[in-house]
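Chemist: Let me see the structure of the following:
(one chain, ligands or ions: 1)
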Amino acid sequence: MEENVLEVKRLTKFFEVNRGIKPQVVQAVNDISFEVKKGETFGLVGESGCGKSSLGRTILRIYEPTNGEILFDGKDITKLSRKQMLPYRQKLQMIFQDPYASLNPRFTVGEIIGEPMEIHNIGTPKTRQKKVQELLEIVGLKPDHIRRYPHEFSGGQRQRIGIARTLALDPEFIVCDEPISALDVSIQAQVINLLEDIQKATGISYLFIAHDLGMVKHISHRIGVMYLGHMVEVGTSNDVYKKPLHPYSKALLSAEPIPDPNTARRKKRILLEGEIPSPINPPKGCPFNTRCPYAVAECFHQMPANFKVDNRQVSCFLYAPKYLRMRENLSIENLA
Ligand code: SF4
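Modeler: Model prediction:
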């Protein structure tokens, strides 16, 4: 799992919105860099509105990037035209959050799953039908479901249909945008297991976006923590969950529900003061400075660089060598 399938370099996506007389700019994704390896699941966590979905959609060029680069299999796809993007559209796919809204109710399951192959002129009607039936089996449905309509299925089954459609073009990279949040808890594990089985069989890579911290931890090899459009920490799932370094990661992960009541009672929960600032008017300097209990003068006028700590990347001044002593005195390591 060493070769990169995706590299994102200083990716930025700003949206212009018209509110009142002056147009304003929403800074949804701000200067983000990370990579996803072949066969890897990269989890994205952060509060609602922090830019996770915008990042996923910008990577797929559903939203046009404002700045930065997106490299897929080493090829820069940031500025490719619609036509030039076509072969990459096959390799880069998305699973949507809402299995009810994402399937056309007028189409049969066979038409829904077969449509991407038809658009890309892959195979004949007969070979496409065969592939649809195979895909239905892969996702745990029956080949004869091909003639049924979406309303005849449960939420979990519809999400399986959505996954089968995503797999129809043999993608190499899938953005899973909250793929389980609209499903019953009992069904969520089945869909996660299915995604893991598909990864084992095909070596596919996922960018997995979800609110459920436990689920992201379970499925992801590495994790990125986002706050206000910025990536504040990146590390392996084990490292980040065991010992988060960034003050925001510590607070976010301290809120993770723990099934064992005794452990839950012992765990210290960090409550952050204040609201997330607006991405239209983010604070100057570190985006977390309005809520961070450790902010130093520098945090209010300068953006922290990404500091390397062991195998991790942390965007916080406390991890700059000159603040080492101060960090030890604050005993920030023991907080969470
Ligand atoms: Fe807190 Fe400063 Fe670190 Fe930002 S850079 S997280 S404000 S200590």
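Chemist: hey, let's count contacts and neighbours off CA atoms from now on
Modeler: Noted.
Chemist: show me what contacts the nearest residue to residue 311 once chain neighbours are set aside?
Modeler: In this structure, residue 311 finds its nearest non-sequential neighbour in residue 235, 6.6 Å apart by C-alpha to C-alpha, 6 or more residues apart in numbering. Residues counted as contacts of residue 235 (C-alpha atoms under 8 Å, 6 or more residues apart in numbering) are 222, 223, 224, 311, 312, 313.
Chemist: Test my guess that residue 90 contacts residue 167.
Modeler: No. Between residue 90 and residue 167 there is no contact under C-alpha atoms under 8 Å: 9.4 Å.
Chemist: So for these two, which residue has more residues nearby?
Modeler: residue 167 (24 against 19; other C-alpha atoms under 10 Å).
Chemist: Now do the contacts for that one.
Modeler: Residue 167 neighbours (C-alpha under 8 Å, 6+ apart): residue 135.
Chemist: Could you do the one 10 residues further on as well?
Modeler: Contact criterion C-alpha under 8 Å, 6+ apart gives 53, 56, 94, 95, 96, 97, 208, 209, 210 as the residues in contact with residue 177.
Chemist: next one: phi and psi at it?
Modeler: Main-chain dihedrals, residue 177, degrees, to the nearest 10: phi -90, psi 100.
Chemist: Which strand residues bridge it?
Modeler: residue 209 (DSSP bridges).
Chemist: That one and residue 96, how far apart?
Modeler: For residue 177, the distance to residue 96 equals 5 Å [C-alpha to C-alpha, to the nearest Å].
Chemist: Tell me the secondary structure at residue 224.
Modeler: Secondary structure, DSSP: H, G, I helix; E, B strand; the rest coil: residue 224 is strand.
Chemist: Report the distance from the helix or strand hosting residue 196 to the chain centre.
Modeler: Secondary structure assigned from DSSP states H and E places residue 196 in helix 185-202. Relative to the chain's own centre, helix 185-202 is displaced by 16 Å; criterion: C-alpha atoms, centre = their mean, to the nearest Å.
Chemist: Repeat that for stretch 105-122.
Modeler: With C-alpha atoms, centre = their mean, you get 26 Å for stretch 105-122.
Chemist: Using PDB, write out every CA atom in that stretch.
Modeler: The C-alpha coordinates for stretch 105-122 follow below in PDB (Å, rounded to 0.1, in the frame of the first residue of the first chain):
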ATOM      1  CA  PRO A 105     -37.500   6.400  -9.000                       C
ATOM      2  CA  ARG A 106     -38.600   6.000 -12.700                       C
ATOM      3  CA  PHE A 107     -35.700   3.700 -13.600                       C
ATOM      4  CA  THR A 108     -35.500   0.000 -12.900                       C
ATOM      5  CA  VAL A 109     -32.500  -1.200 -10.900                       C
ATOM      6  CA  GLY A 110     -31.000  -2.600 -14.100                       C
ATOM      7  CA  GLU A 111     -31.300   0.800 -15.800                       C
ATOM      8  CA  ILE A 112     -29.800   2.600 -12.800                       C
ATOM      9  CA  ILE A 113     -26.800   0.300 -12.500                       C
ATOM     10  CA  GLY A 114     -26.300   0.000 -16.200                       C
ATOM     11  CA  GLU A 115     -26.600   3.700 -17.000                       C
ATOM     12  CA  PRO A 116     -22.900   4.600 -16.300                       C
ATOM     13  CA  MET A 117     -21.800   1.900 -18.700                       C
ATOM     14  CA  GLU A 118     -24.200   3.100 -21.400                       C
ATOM     15  CA  ILE A 119     -23.000   6.700 -21.000                       C
ATOM     16  CA  HIS A 120     -19.300   5.600 -21.300                       C
ATOM     17  CA  ASN A 121     -20.200   3.200 -24.200                       C
ATOM     18  CA  ILE A 122     -19.000   0.200 -22.500                       C
END
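Chemist: buried residues in it?
Modeler: Neighbour counts using 16 or more other C-alpha atoms under 10 Å place 108, 109, 110, 111, 112, 113, 114, 115, 116, 117 of stretch 105-122 among the buried residues.
Chemist: now stretch 225-241
Modeler: Neighbour count says stretch 225-241 has 225-237, 240-241 buried, by 16+ other C-alpha under 10 Å.
Chemist: Next step: the residues you listed restricted to helices.
Modeler: 237, 240, 241 (DSSP state H).
Chemist: and of those, the nearest to the ligand?
Modeler: residue 240 (15.4 Å; C-alpha to the nearest ligand atom).
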